[in-house]
Every structure is written in C-alpha cells, then in structure tokens.
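>>> Kindly generate the corresponding structure for this input.
(chains A, B, C and D)
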Protein chains: 2
Amino acid sequence: MLTIGELSRQTGVKIPTIRYYEQMGLMDAAERSEGNQRRYTREELDRLSFIRHARDLGLTIEAIRKLIDLSRHPERPCADADRIASEQLRAVRAKIEKLKRLESELERIANHCHGDQVKDCYVIRALAHHELCEHEH
Amino acid sequence: MLTIGELSRQTGVKIPTIRYYEQMGLMDAAERSEGNQRRYTREELDRLSFIRHARDLGLTIEAIRKLIDLSRHPERPCADADRIASEQLRAVRAKIEKLKRLESELERIANHCHGDQVKDCYVIRALAHHELCEHEH
DNA sequence: CGTAACACCTCTAGCAACTAGAGCTACAAG
DNA sequence: CTTGTAGCTCTAGTTGCTAGAGGTGTTACG
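Below is the predicted model of the structure:
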C-alpha cells in the first residue's frame, strides 16, 4: 500500500491534485489507515497514471470520466472511446492552426519596431490598429 | 456617445466582458447618463478594440495593462513594449511545439484501434500505458 | 516511552478570464 | 402611458487546479 506522498512521487501528480481527482470522481475514495490517511493500491496507481496521461494530452476531466466509465465495461463497443480521441485530435489541430496565425502576426509586430519611443512604436500601433493585420481574427 | 450595447456590437466584446474590463482597470470608468448608464466615446471604442486585439493575440490582462500604461507615456523608450510582444511570441511558439507533439500522438491513438470492444480498444490501452508513446510528455 | 520532524488530514479561498442569472431601473417608440 | 428592450448591480459558477491555516498521524531516534 502506498501513501498519497508516494503515489504523488511515482506519478508526478501533486498531492492536492490527487485529492481533487478523488473529489471529482476520477479516483475512487481511497482506503484509509487507522489514523484516517489514504492508502493506495497498484491499481489505483495505474488509474492515476491513466488520468495523468490523458490530462497531458489535453482531455478534459469530463472526457476522462467517460473513458474510465467505458473501461469498466469491457464488453461494450469502443466507438465512444474512438470518438473522444478523434474529437480531441480535431480540437488540437484547430488550436495549432489558430496559434500559427498568431505566430506570424506577432512575428511581424515584434520585429518591425524601429522607433525608439512609444509614440512611434510599431507594437503599440499594431495593437491599436487592427487593419495592419494580414489575417482575420 | 455610444451605449454599452453599441460598443459591444462594434467591437465584438460582450457586455459583461466590457464591465469586467472596467473592473480590472483596463477601461477607465465610463461617463454615465442621467440614469446611471454607461456612455462611451470614440476613444474608448479604440481602447476596447486595442484590448480585444491584444486578447485575441493571447496577451494576458496584466500584459495589456502594461501596454496601455506605456501608451500613456509616448516619450518613453518602447523597449518594454517590444519585450512584451517578443515574450508572447516565444510563448506561442512553445505552445505550438507542444500541441504538435500531442497531435502526432493522438493521431496514432485515434487511428490504430481495430478492436470492436472496449477490452481490445487501443485508445483505452494507449492511455493506460504510457510506454506506447513515442514522445515524452 | 517520549519527543521531534515530517507527512497527512479537512476546509476555505484564490487564480484567470470570463459567463450566467436574479431582481431591479432607464429609455425610446407608439 | 404603456410596453419592450436595454441597461444596472451583485453574486455565484466555470475549469483545473494551488496555497494556506490549523490540526492530527506516523516514524525514527535516544
């Protein structure tokens, strides 16, 4: 049995975050010691690693809850799990596209200032005047 | 003079958000009508457009506050404004890199499931077993 | 067996950047 | 003069944690 501190060290998830996941229903309420401290099994470590990995991939708590639910019903079709992953992929791609547009705009803004004083500053002017932008946003 | 609703329509910033910006000190407290309703000038519309544009570019409220502060002192050197833009550019690039790594991983996960049932589902297994990943995260 | 050091407990509040709702008042048109 | 839309303030909720206060459990050493 692991203490919450050991679990935290082994997964890289901070202690308050583990308790938060318990509160949110991602982790089952842990067994307790005589003195009311949480004790964890190997399985719970696996579960927490799953959660961590999914969070690193940008899945929401809600999506993870669904996946955990699914994994408790191994006989069900896995189309739902696929859908969650695909949706996430679509969202990530959209974010990348948006950020790339921001990147080129910021590049322009950050590299084109040749004034010395704020009154001539391209950064300030570019932010004040949307028309200087190449893209919509 | 514009009402808050007209200001909102012209800038695309929602009404409660405008009030929020006022509270946060990005917008000065607006002039009021007899009946205590906010009335805005052209200058305030420009200010709000500036804020909107900066937010679209991912600048934090804090960074925007600094830029507004700078723009009130046109005789100062604009190095600070440049620095804010450059920092933002660096942050955006880092985010893009991270998202690209997630993208390739999610691609793999979402496209490789050939089981029909959750017990064979690649999505679930990939999330449970970090070792299947190609990248660190 | 005592005590010090550290880990753990619960509870509350805070972060960013809004958003939503309740319950009320102002204003413009007919 | 009434009706409908738009505005007001205030409070609380969102997401995913994180920090702190104030108290208790556990363990190692002497």
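>>> rest of the way, CA atoms for contacts and neighbours
Fine.
>>> And the residue nearest the centre of chain A?
For chain A, the residue sitting closest to the mean C-alpha position, by Cα atoms, centre = their mean, is A:Gly58 at 3.5 Å.
>>> tell me which element it is part of?
Following DSSP states H and E, one finds A:Gly58 outside all helices and strands.
>>> So what's the residue count around A:Gln23?
A:Gln23 has 12 neighbours, counted by other Cα atoms under 10 Å in any protein chain shown.
>>> Now do it against B:Arg76, distance only.
The spacing between A:Gln23 and B:Arg76, counted by Cα to Cα, to the nearest Å, is 51 Å.
>>> A:Ile18 too?
48 Å.
>>> try A:Ile124
According to Cα to Cα, A:Ile124 and B:Arg76 sit 12 Å apart.
>>> circling back to that earlier point, A:Ile18 and B:Arg76: who's more crowded?
A:Ile18 (18 against 14).
>>> What strand or helix carries that one?
helix A:15-23.
>>> Okay, buried residues for that helix please.
Residues of helix A:15-23 classed as buried under the neighbour-count rule (16 or more other Cα atoms under 10 Å in any protein chain shown) are A:18-19, A:21.
>>> what's the helix or strand following it in contact with?
Sequence-wise, the next helix or strand downstream of helix A:15-23 (DSSP H and E) is strand A:31-32. The contact list for strand A:31-32 (Cα atoms under 8 Å, 6 or more residues apart in numbering or on different chains) reads A:38-40.
>>> Any residue of stretch A:42-62 touching chain B?
Yes: using Cα under 8 Å from any Cα of the partner chain, we find that stretch A:42-62 touches chain B at A:46-47, A:49-51, A:53-54, A:56-57.
>>> Could you list the buried residues of that stretch?
By 16+ other Cα under 10 Å, the buried positions in stretch A:42-62 come out as A:44-45, A:47-54, A:57-59, A:61.
>>> can you tell me the average pLDDT over stretch A:6-23?
Computed over stretch A:6-23, the mean pLDDT rounds to 96.
>>> if we can go back for a sec, for the residue nearest to the centre of chain A, which non-adjacent residue is spatially closest?
Nearest residue to A:Gly58 in three dimensions, chain neighbours excluded: A:Gln88, at 7.6 Å (Cα to Cα, 6 or more residues apart in numbering or on different chains).
>>> need the longest helix for chain A.
In chain A, with assignment by DSSP state H, the single longest helix is helix A:79-111.
>>> What is the subsequent helix or strand relative to that helix?
helix A:122-128.
>>> counting contacts, what elements does that next one pack onto?
helix A:79-111, helix B:42-56, helix B:79-111 (3 or more Cα pairs under 8 Å, 6 or more residues apart in numbering or on different chains; DSSP states H and E).
>>> do the shortest one and DNA strand C meet at all?
Yes: with Cα under 7 Å from any atom of the strand as the criterion, DNA strand C is reached by helix B:42-56 at B:Arg55.
>>> which residues does A:Arg42 contact?
Neighbouring residues of A:Arg42 by Cα under 8 Å, 6+ apart: A:Met1.
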